[in-house]
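Asker: below are the sequence and a predicted model; questions follow.
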Amino acid sequence: MAKILIGKYEATIYPEGGGYTGAISLGFHPDGKRNRPKRKGKTKAIVKDKLKKLADELEAGITASENYTVEQAVNDWFAKGLKGRSEGTVTKLRILADKHVIPALGKIKLKLLSADHVDEWLDNLAADRATSTLREIHSILRRAIRQAQARDKILRNVAELVTTPTGTDGRPSKALNREQAKAVLKAAESSELHAYVVISLTTGIRTEEARVLRWDHVVAWIPQLKSWRPVTEVGFKHKRFAIYVWRADRVGGDTKTPKSRRTLELPKLAAEALQRQHVRQAAQKLKAGTAWQDLDLVFCTSAGTQLDAANVRRSFRRITKRANIGTDWNPRELRHSFVSIMSDQGVPIETIADLVGHAGTSVTEAVYRQQLRPVITKGARTMNAVFGDSRHG
């Protein structure tokens, strides 16, 4: 078995199993075992070419084995590359990876993955996936390979060489009109999600803000003190109520932007819904006994824990079905509906932007342009006029 020189490395090539095996000698592992990475092929020439590539990779510091796959790279990214991301975000990305990335590309050895592989894969997905979804799927592969690069497992990122194709048009967000909104509120009365729907529709808060709203952030105005006090201290026998929208179901618990941190006065309908929610939750707590987890959440499960976003979506679709408007609705469209109703009632866009927590009107116009009408009341007074007093019906 003659020794040869591959670059600066001593190597051997020998017959084995009907073909040839080549090995580069790299000394010994810390455990004392010989470090001899191998490559196999049908001919000596093929094996020698593989050893040359191996030597180049060793010079570049590449450490991954020849059998390191796309699936392993993706799983390594989930294990190490998503630190600090919310559980909801990780779950969403995991679903996309398991459904679209790993089944199609997972078994391919990362070193053999080509830009053509990625291009063809994305083009196939584009036939029935929205462009925004394609971007997320492509991003998973791109970032997984980027991490593999950072850990010296691959030289280049072929996913970076491919442009995400245009997919199908995603379902545009829509808004409830006034009659649909009333029907949804009526249908929600028998649902455990009733107060959640009322608050979301009449204040325009984001779903991730609603899910973490705490009772100490539901406040009543005390004229004698000239201050807002938590209803957990002063109760609901007052005339004015507000919510502190200071938290969100995001990493760190902060709202989406500093401007999103806001205080919103509640219309009468919302205050009454929260009062009923408080009573209902007390009964839930009593029934759960020691299983109850007191997290002070306004909207929670029967054990006091935070609501799951997917469960909220399913419950909301049951409500819209009972309201006879179909099931193609999402809770976030309560926020769109709020904007639409505010605009229909002549509320200026500057006020709407403040109510929904946007830093300026440009975001409001860009995101909610279909719900805005050309244009003076604040949110609580407007919603009282729309839903609160029968004289305005």
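Answerer: The structure has been received and is ready for your questions.
Asker: so where's the stretch 201-350 of the chain uncertain?
Answerer: Scanning the stretch 201-350 of the chain for pLDDT under 70 picks out the ranges 249-259.
Asker: tell me the contacts of H278?
Answerer: Neighbouring residues of H278 by C-beta atoms under 8 Å, 6 or more residues apart in numbering: W215, V231, F236. Quick note: C-beta positions are derived from backbone N, CA and C, even for glycine.
Asker: and the residues you listed, which is closest to N311?
Answerer: Within these, proximity to N311 (C-beta to C-beta) peaks at W215, which comes in at 20.8 Å.
Asker: from D308, how far off is the closest one?
Answerer: 20 Å (C-beta to C-beta, to the nearest Å).
Asker: these two: who's more crowded?
Answerer: In this view W215 and D308 are compared by other C-beta atoms under 10 Å, and W215 has more residues nearby, 17 against 14.
Asker: quick check: phi and psi at that one.
Answerer: phi -60, psi -30 (degrees, to the nearest 10).
Asker: and what of S302?
Answerer: When read as degrees, to the nearest 10, the backbone of S302 gives phi -70, psi -10.
Asker: can you list the domains in this structure?
Answerer: Domain ranges of the chain: 3-60, 70-161, 178-392, per automatic domain parsing.
Asker: is it possible to get these out as TSV so that each row also shows distance to T168?
Answerer: Below are the domains of the chain laid out as TSV (distance: least, C-beta to C-beta, whole Å):
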stretch	distance to T168
domain 3-60	40
domain 70-161	6
domain 178-392	16
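Asker: skip the chain neighbours and tell me the closest residue to V312.
Answerer: P331 (5.6 Å; C-beta to C-beta, 6 or more residues apart in numbering).
Asker: what's next to stretch 225-233, contact-wise?
Answerer: Here stretch 225-233 makes contact (C-beta under 8 Å, 6+ apart) with 215-222, 241-242, 263, 274, 278.
Asker: tell me which residues in it are buried?
Answerer: For stretch 225-233, a neighbour-count test (16 or more other C-beta atoms under 10 Å) marks W228, P230, V231 as buried.
Asker: for the stretch 101-250 of the chain, what spans make up the helices?
Answerer: 102-105, 115-126, 131-150, 178-188, 194-203, 207-210, 231-234 (DSSP state H, counting those that start in this stretch).
Asker: to N384, which of those helices lies closest?
Answerer: helix 194-203 (9.0 Å).
Asker: check which helices and strands the closest one sits against.
Answerer: Other helices and strands packing on helix 194-203, by 3 or more C-beta pairs under 8 Å, 6 or more residues apart in numbering; DSSP states H and E, are helix 178-188, helix 207-210, strand 241-245, helix 268-288, helix 309-322, helix 332-344, helix 379-383.
Asker: what's the span of stretch 242-260, first residue to last?
Answerer: Terminal residues of stretch 242-260 are spaced 15 Å apart (C-alpha to C-alpha, to the nearest Å).
Asker: no wait, stretch 210-224
Answerer: This stretch, stretch 210-224, spans 30 Å end to end (C-alpha to C-alpha).
Asker: repeat that for stretch 13-28.
Answerer: Using C-alpha to C-alpha, one end of stretch 13-28 lies 19 Å from the other.
Asker: quick one: mean pLDDT for it?
Answerer: Across stretch 13-28, pLDDT averages out at 86.
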